[in-house]
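J.: sequence and predicted structure are below.
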Amino acid sequence: MSYVITSPCIGAKHADCVEVCPVDCIHEGEDQYYIDPDVCIECGACEAVCPVSAIFHEDFVPEEEKSFIQKNRDFFKK
């Protein structure tokens with residue numbers, strides 16, 4: 001399990017989460033940031049600073065945002 005960045009990040013791309021991540025697992029994509037699930041240590045630092053409330057622990061991603069769990073994983077399979 002890890003944290004997941006969801007739709008409010010699209011187009012906003014605030015980098016607050018990148019700056020606070022102690023393991024540098026947040027990477028910039030074309031339209032949003034992504035969290036590498038294999039590197040995330042689930043500290044929650046990113047969720048606390050996200051100004052658009054786009055970050056959720058995988059267990060608590062809202063139903064309408066669940067597709068972003070796979071979208072985050074797929075980003076790192078490239």
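T.: On my side now, so go ahead.
J.: just the helices in this protein please.
T.: With DSSP state H, the ranges of helices along the chain come out as 16-20, 45-49, 67-75.
J.: and the second one, how far out from the chain's middle?
T.: When C-alpha coordinates are averaged (C-alpha atoms, centre = their mean, to the nearest Å), helix 45-49 and its chain have centres 10 Å apart.
J.: avg pLDDT for it?
T.: Summarised as a single mean, pLDDT over helix 45-49 is 98.
J.: determine the set of other helices and strands touching that helix.
T.: Applying 3 or more C-beta pairs under 8 Å, 6 or more residues apart in numbering; DSSP states H and E, one finds that helix 45-49 contacts helix 16-20, strand 55-57. No exception for glycine: its C-beta is placed from N, CA and C like everyone else's.
J.: mind listing what's buried along the last one?
T.: So the one you mean is strand 55-57. If you call a residue buried by 16 or more other C-beta atoms under 10 Å, then strand 55-57 has these buried ones: 55, 56.
J.: about what we covered before: as JSON lines, the helices and strands packed on helix 45-49 with distance to residue 7 and mean pLDDT would be great.
T.: Output for the helices and strands packed on helix 45-49, formatted as JSON lines (distance: least, C-beta to C-beta, whole Å; pLDDT from 0 to 100):
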{"stretch": "helix 16-20", "distance to residue 7": "15", "mean pLDDT": "98"}
{"stretch": "strand 55-57", "distance to residue 7": "11", "mean pLDDT": "98"}
